[in-house]
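# Provide a 3D model corresponding to the input given below.
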Amino acid sequence: MAELRLAILGSGYMGRTHAECITKHVHRSRLIAIAGGRRAPALAADYGVAVETSYEAMLARGDVDAVLIATPHVDHCAQVLAAASAGKHVLVEKPMATSVADCTKMIEACKHAGVRFEVIQTQRFRGAVSRTRKLVADGAIGAVRMFDGRSLFTDYVVDQSPWAGETEQGGAFLDTGVHFFDLMRFVLGAEAESIFATVTTFGDVPYPGLNAMSQIRFSGGIMAQHWMTYQMPTPSLPNSQHRYVVVGETGTIDVDAYGKVQLGRNGQWETYWEQPPIDYINRPLEPVRLEAFFRQTQAFVDDVLDGRPDTVSGEDGRAAVALVMAAWESSNSGQPVKLG
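Residues are numbered from 1 along each chain as shown. Below you'll find the model as predicted:
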């Protein structure tokens, strides 16, 4: 197979993001068709590809090898199962599904069908995060002891309509919590053993899980915590939307995922790397914003064509969902929850 022929299911903000990436930035691939949503005809026309009136028709096409699913969360499981049944490889947006049980069904269906299945977790491909992972893996700060994360926002509706925060879709904590927990697993190279959390929404707001404080114990005795809120009063804290601190035996990494990666060791700080500015509201199709998306899609294409191991596996996607669900369980019971 010289190239991977892709179709996109979903025509919203993320559908356009992925169409732009595949047509302009991803090598050894070709966008064939788009289906799903009222905006599909216009999106397909913009990129000069076919539009299909149904997902079933798209899956029936012989010139489609793989589907990229960018639809509401609650639909992912059935759509992945259908793709597997049709013999199509799958790259699905996060969160992988709205329950751990559905995640397992998706993994097993793709394995049974002999198709590749990977999950989009773009934070792994951001320059700041990927460089932090390398610093940790290379032992730049010695054995990791502690991790602190902050994701503080003043409003939930930032770059999308609020549907993702609805209870049926898993709520705001599932929508973005999978990002934070996957990032922690990725950077630390460790698995969560237990979690104690409080999850809530303040006031008469229709979206569950707008705030979460989680304390997590990772393998190797690593202590970690994460604070997420979408109800921070203005002006919030500076540079705090994606801020992480990794503390090791011999040094510290201070990470602003949309700013600087600073390395502290030997009694001084140095700027290790700095992210060029990203404006995902006004200039969402600029390469600097798209880089994480097309790097992940490129990895999926290369995994399929070259027979490489999964870059972000279904098991990775399930682990992130499992942490969110365990946090909710802990919050409801007032007790820590063991994982694994």
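# make it CA atoms for all contacts and neighbour counts henceforth
OK.
# What distance do you get for the residue sitting nearest the centre point of the chain to residue 318?
Nearest to the mean C-alpha position of the chain, by C-alpha atoms, centre = their mean, lies residue 121 at 2.8 Å. The gap separating residue 121 from residue 318 is 12 Å, by C-alpha to C-alpha, to the nearest Å.
# Please, which helix or strand holds the residue nearest to residue 27 when sequence neighbours are not counted?
Counting by C-alpha to C-alpha, 6 or more residues apart in numbering, residue 298 is the residue found nearest to residue 27 once chain neighbours are left out, at 6.8 Å. Under the criterion of DSSP states H and E, residue 298 resides in helix 287-306.
# On the C-terminal side of that helix, identify the next helix or strand.
For helix 287-306, the following helix or strand on the C-terminal side (DSSP H and E) is helix 314-333.
# give me the number of residues near residue 278?
For residue 278, the neighbour count with other C-alpha atoms under 10 Å is 16.
# tell me the SS of it?
Here residue 278 is recorded as coil under DSSP: H, G, I helix; E, B strand; the rest coil.
# average pLDDT for stretch 111-120?
Taken as a whole, stretch 111-120 carries a mean pLDDT of 98.
# you'd agree the residue nearest to the centre of the chain is up against residue 314?
No - applying C-alpha atoms under 8 Å as the test, residue 121 and residue 314 come out as separate, 10.9 Å apart.
# Hmm, residue 98 is touching residue 73, no?
Yes - counting by C-alpha under 8 Å, residue 73 is a contact partner of residue 98 at 6.5 Å.
# Look up the residues that both of those two are in contact with.
169, 170 (C-alpha atoms under 8 Å, 6 or more residues apart in numbering).
# Give me the pLDDT value at residue 159.
Residue 159 is assigned 45 on the pLDDT scale.
# what does stretch 31-43 rub up against?
Contacts of stretch 31-43 (C-alpha under 8 Å, 6+ apart): 5-12, 16, 19, 22-23, 44, 49-55, 58, 63-64.
# going on from the strand or helix carrying residue 45, what's the next piece of helix or strand?
Element membership of residue 45, judged by DSSP H and E, is helix 40-47. Sequence-wise, the next helix or strand downstream of helix 40-47 (DSSP H and E) is strand 50-52.
# quick one, helices of the chain?
Taking DSSP state H, the helices of the chain run over residues 13-24, 40-47, 55-59, 76-85, 100-113, 127-137, 171-188, 287-306, 314-333.
# Domain ranges for this protein, per the record?
Here the domain parsing of the chain from automatic domain parsing is 4-122+290-312, 123-281+320-338.
# which one of the ones you listed is the most hemmed in?
domain 4-122+290-312 (a mean of 20; mean count of other C-alpha atoms under 10 Å).
# show me the contacts for the closest residue to residue 309 other than its chain neighbours.
Spatially, and ignoring its direct neighbours in sequence, residue 309 is nearest to residue 303 (6.3 Å; C-alpha to C-alpha, 6+ apart). With contact set as C-alpha under 8 Å, 6+ apart, residue 303 has these partners: 309, 310, 311.
# low pLDDT regions in the chain?
Of all residues in the chain, those with pLDDT under 70 make up the ranges 157-161.
# The residue located most distally from the centre of it and residue 79: what is the separation?
Centroid-distance maximum for the chain: residue 267 at 34.8 Å, with C-alpha atoms, centre = their mean. Between residue 267 and residue 79 the computed distance is 53 Å (C-alpha to C-alpha).
# try residue 176
Noted for residue 176: a distance of 21 Å to residue 79, by C-alpha to C-alpha.
# likewise residue 311?
21 Å.
# for residue 45, same thing?
Shown here: residue 45 relative to residue 79, a distance of 24 Å by C-alpha to C-alpha.
# same question, residue 35
Between residue 35 and residue 79 the computed distance is 12 Å (C-alpha to C-alpha).
# got it, and residue 55?
8 Å.
# Check residue 117 too.
Plainly put, residue 117 is 12 Å away from residue 79 if you go by C-alpha to C-alpha.
# Next: residue 119.
14 Å.
# follow-up on the earlier one: out of the helices of the chain, which comes closest to residue 1?
Shortest distance between residue 1 and the helices of the chain, using C-alpha to C-alpha, is found for helix 287-306: 6.6 Å.
# The closest one vs helix 13-24, what angle?
Orientation check (axes from the mean of the first three to the mean of the last three C-alpha atoms, to 10 degrees): helix 287-306 against helix 13-24 gives 70 degrees.
# quick revisit: just send the contacts of residue 303 back as JSON lines, with distance to residue 39 too.
As requested, those are exported to JSON lines (distance: C-alpha to C-alpha, whole Å):
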{"residue": "309", "distance to residue 39": "34"}
{"residue": "310", "distance to residue 39": "31"}
{"residue": "311", "distance to residue 39": "30"}
